[in-house]
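Visitor: Got a predicted structure plus its sequence, pasted below:
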Amino acid sequence: MLSRPRRNRKSEVIRAMLQETHVTAANLIFPLFVIAGEKQKTEIASMPGIYRYSVDNLLREVESCMKLGLKSFDLFPSIEEALKDRLATESYREGSLYLEAIKAVKTNFPECCVITDVAMDPYSSDGHDGIVDNGNILNDETLEVLGLMALAHARAGADIIAPSDMMDGRVGYIRELLDAKGYSNVSIMSYTAKYASAFYGPFREALGSAPKLGDKKTYQMNPGNKREALIEARLDEKEGADMLMVKPALPYLDIIKEIADASDLPVAAYNVSGEYAMLKAAIRNGWLDERKSVTEVLTSIRRAGATAILTYHAKEVLQNGWL
Ligand code: PBG
């Protein structure tokens with residue numbers, strides 16, 4: 001036998017020497033959930049180890065992450081039902097929980113990177129990412145709300161704005177608005193290929209943001225489709241996105257590769273709440289080894305072509321020295 005591929009696997013040193021794909025702290029983005037009040041830290045039942053924090057505790061959490069070299073955060077607000085309305089006005093109200101959280105994090109840790117989520121669902125009494133009219137999700141009217149939200153996030157100090165709503169034309173709309181208002185330095189990480197996935201279940205539980213009626217299939221993508229992702233990628237690129245994101249990650253590794261091959265923009269992937277819940281449930285049952293399964297998942301997402309990974313595992317992998 002002239003070729004014996006096993007020779008390249010014969011020792012730990014050689015295996016490490018030849019490893020193509022690595023995950024580092026710098027690649028990771030940690031999603032954090034914010035709730036109103038003081039001294040609050042409530043665990044999300046379907047996401048063991050993940051909490052909703054009031055702003056005071058959020059700052060403590062950010063500080064402990066920063067010490068581990070984890071410096072990028074994606075913030076999500078849990079809004080009380082009474083503050084929700086049809087037009088999601090709480091999403092851009094001066095003094096709102098979310099805007100105060102962004103300000104607090106950026107004021108206390110100016111060197112960190114704050115990513116903000118632009119979509120109506122956490123603030124919408126309908127639980128949808130757009131304005132609901134007679135059961136229809138209005139596209140162009142929703143852009144105005146998303147614009148107000150993005151602008152409020154930029155004013156509060158967001159480094160990167162991440163529209164997760166899947167309305168058509170929103171990247172271009174937000175880019176133009178930010179530029180016109182003097183925020184040409186604020187980046188846009190677009191949820192380019194966001195699928196209508198079952199794996200968002202635990203996140204919706206965390207925020208109480210599930211749709212009251214219907215589903216999200218008229219705006220989020222059909223899991224059976226791949227070519228549509230390329231249409232979205234081309235549009236986002238043309239509209240001025242700085243980074244393209246695929247979501248979820250693990251069931252859509254082929255989409256990550258497809259977009260990474262098609263575009264020269266950096267690609268990110270969102271290892272979503274249901275992917276986290278699935279792994280944790282098996283680990284808790286003793287069915288999977290925690291360190292090995294978590295690092296294998298993150299490595300595979302990088303190998304598929306994602307440079308940055310949004311993941312609920314971000315802190316634990318660093319805390320436990322798993323990378
Ligand atoms: C909402 C939004 C969702 C997630 C991020 N932003 C849920 C949804 O679209 O219903 C999901 C994240 C996760 O599951 O971890 N715009």
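Guide: The structure has been received and is ready for your questions.
Visitor: Indicate the residue of the stretch 51-200 of the chain located nearest to the ligand.
Guide: Sorted by distance to the ligand under Cβ to the nearest ligand atom, the residues of the stretch 51-200 of the chain start with Ala119, at 3.3 Å. (Each C-beta comes from the backbone N, C-alpha and C, glycine too.)
Visitor: excluding its backbone neighbours, what's nearest that residue?
Guide: The spatial neighbour of Ala119 that comes closest, neighbours along the chain excluded (Cβ to Cβ, 6 or more residues apart in numbering), is Asp165 at 4.0 Å.
Visitor: ok, that neighbour touching Asp117?
Guide: No - in this structure, Asp165 sits apart from Asp117 without contact. The criterion is Cβ atoms under 8 Å, and the distance is 9.2 Å.
Visitor: Quick check: neighbours shared by these two?
Guide: Overlap between the neighbourhoods of Asp165 and Asp117 is empty, taking contacts as Cβ atoms under 8 Å, 6 or more residues apart in numbering.
Visitor: rewinding a little: give me the number of residues near the residue of the stretch 51-200 of the chain closest to the ligand?
Guide: 28 (other Cβ atoms under 10 Å).
Visitor: ok, now which ones touch it?
Guide: Here Ala119 is in contact with Asp129, Leu146, Pro163, Ser164, Asp165 (criterion: Cβ under 8 Å, 6+ apart).
Visitor: Swap in 10 Å and give it another go.
Guide: Counting by Cβ atoms under 10 Å, 6 or more residues apart in numbering, Ala119 touches 76, 88, 91, 128-130, 142, 145-146, 149, 162-167, 170, 191, 194, 209, 219.
Visitor: ditto for Gly214
Guide: Remark: with contacts taken as Cβ under 10 Å, 6+ apart, Gly214 is in contact with Asp126, Gly127, His128, Val132, Gly135, Asn136, Ile137.
Visitor: Please convert the buried members of those residues into ChimeraX selection syntax.
Guide: Selection of the buried residues among the contacts of Gly214 in ChimeraX, burial being defined by 16 or more other Cβ atoms under 10 Å:
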select :126,127,128,132,137
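Visitor: Tell me where the protein has strands.
Guide: Assigned by DSSP state E, the strands in the chain fall at 28-34, 41-44, 47-53, 72-77, 113-118, 131-133, 136-138, 160-163, 187-194, 243-247, 267-271, 308-311.
Visitor: Would you tell me which residues of the chain are close to the ligand?
Guide: When proximity is defined by Cβ under 6 Å from any ligand atom, the chain lies next to the ligand at Asp117, Ala119, Asp121, Asp129, Ser164, Asp165, Tyr200, Phe203, Arg204, Val272, Ser273.
Visitor: What subset of those is buried?
Guide: Members of the residues of the chain next to the ligand that pass the buried threshold by neighbour count (16+ other Cβ under 10 Å) are listed as Asp117, Ala119, Asp121, Asp129, Ser164, Asp165, Tyr200, Phe203, Arg204, Val272, Ser273.
Visitor: which ones among the residues you listed are found in helices?
Guide: Among these, the subset assigned to helices under DSSP state H consists of Phe203, Arg204, Ser273.
Visitor: Please tabulate the residues you listed in a markdown table, including the columns pLDDT.
Guide: Conversion of those to a markdown table gives the following (pLDDT from 0 to 100):
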| residue | pLDDT |
| --- | --- |
| Phe203 | 96 |
| Arg204 | 93 |
| Ser273 | 98 |
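Visitor: Show the average pLDDT along stretch 88-106.
Guide: Across stretch 88-106, pLDDT averages out at 98.
Visitor: Helices of the stretch 51-200 of the chain, start to end?
Guide: Ranges of helices within the stretch 51-200 of the chain are 55-67, 97-108, 140-156, 170-180, based on DSSP state H, counting those that start in this stretch.
Visitor: In this model Ile256 seems to touch Ala249, though I could be wrong.
Guide: Yes - counting by Cβ atoms under 10 Å, Ala249 does reach Ile256; the two are 6.9 Å apart.
Visitor: Show me the common contact partners of those two, please.
Guide: In contact with both Ala249 and Ile256: Ala268, Ala269, Ser300, Ile301, Ala304, Ala306, using Cβ under 10 Å, 6+ apart.
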